[in-house]
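Colleague: Sequence and computational prediction follow.
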Amino acid sequence: MIKRRTLIFARIAVIAALYFVLTFFVPAISYGPLQFRVGEALTLLPIIMPEAAIGVTLGCFIANVFSPYAWYDMVFGTLATAIAALLTYLIGRWLKDKKLWVRCLVGAIPPIVVNAIVLPLMWLISGSDSAFFINMGLLLLTQTGSVAVLGTPLVMGLDKAKIGRN
């Protein structure tokens, strides 16, 4: 029991740290309307390890502390990631009898769509950008790249290596 909890906490910490590092150290593409957060690939991990939902949310919050959008991103950006991670986890459970690549493709929908709606709305409310639909379209494209294109092979590789659990 203690070993299992330790493993879960370690996974949460590693995922949070990875999300932060993959976001913070490439700020030119991590913040703003045309963003390609490499760390968003980790948002598919809740499909194979439920604790990853906490890890990506924590990592997102820490990365958003350094966002040029200040507290807006810390609150709304992190909330978007938390909602998307929870929905991805639920999709993984709902489709547990389907092939992993199907779970990944369907599980990629929440991080893509939630961020594409919430972030442009956040920028609109904060007064930093008024091009809601343009930003939404850009985020649909870039999130698809980081979540589906990078995240699916990541999850499939970890699953093949027997890292994670369903």
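Modeller: Cool, the structure landed.

Colleague: helices or strands next to the worst-scoring helix or strand of the chain on mean pLDDT in the packing?
Modeller: Lowest mean confidence among the helices and strands of the chain (mean pLDDT, DSSP states H and E): helix 27-30, at a mean of 85. Helices and strands touching helix 27-30, as assessed by 3 or more CB pairs under 8 Å, 6 or more residues apart in numbering; DSSP states H and E, are absent. Where you see a C-beta, it was placed from the backbone N, CA and C, and this is true even at glycine.

Colleague: List the contacts of the residue nearest the centre of the chain.
Modeller: Closest to where the C-alpha atoms of the chain average out (CA atoms, centre = their mean) is T43, at 3.3 Å. Neighbouring residues of T43 by CB atoms under 8 Å, 6 or more residues apart in numbering: 56, 81, 84-85, 88, 111, 147, 151.

Colleague: distance of it from I2?
Modeller: Separation of T43 from I2 (CB to CB, to the nearest Å): 29 Å.

Colleague: With V114 instead?
Modeller: Distance, V114 to I2, by CB to CB: 35 Å.

Colleague: out of all of them, which helix in this protein is the longest?
Modeller: If you go by DSSP state H, the chain has its longest helix at helix 2-24.

Colleague: Give me the buried positions along it.
Modeller: Buried positions in helix 2-24, judged by neighbour count with 16 or more other CB atoms under 10 Å: 8, 11-12, 15-16, 18-20, 22-24.

Colleague: As CSV, those residues with pLDDT and distance to L34 would be great.
Modeller: Listed next are these as CSV, based on pLDDT from 0 to 100; distance: CB to CB, whole Å:
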residue, pLDDT, distance to L34
I8, 94, 35
R11, 95, 31
I12, 97, 30
I15, 98, 25
A16, 98, 25
L18, 97, 23
Y19, 97, 20
F20, 97, 21
L22, 95, 17
T23, 93, 15
F24, 91, 18
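
Colleague: how far is stretch 52-62 from where the chain is centred?
Modeller: Computed by CA atoms, centre = their mean, to the nearest Å, the chain-centroid distance of stretch 52-62 equals 8 Å.

Colleague: can you list contacts of that stretch?
Modeller: By CB under 8 Å, 6+ apart, the list of residues contacting stretch 52-62 reads 11-20, 23-24, 39, 42-43, 45-46, 74, 77-78, 81-82, 85-86, 88-89, 164.
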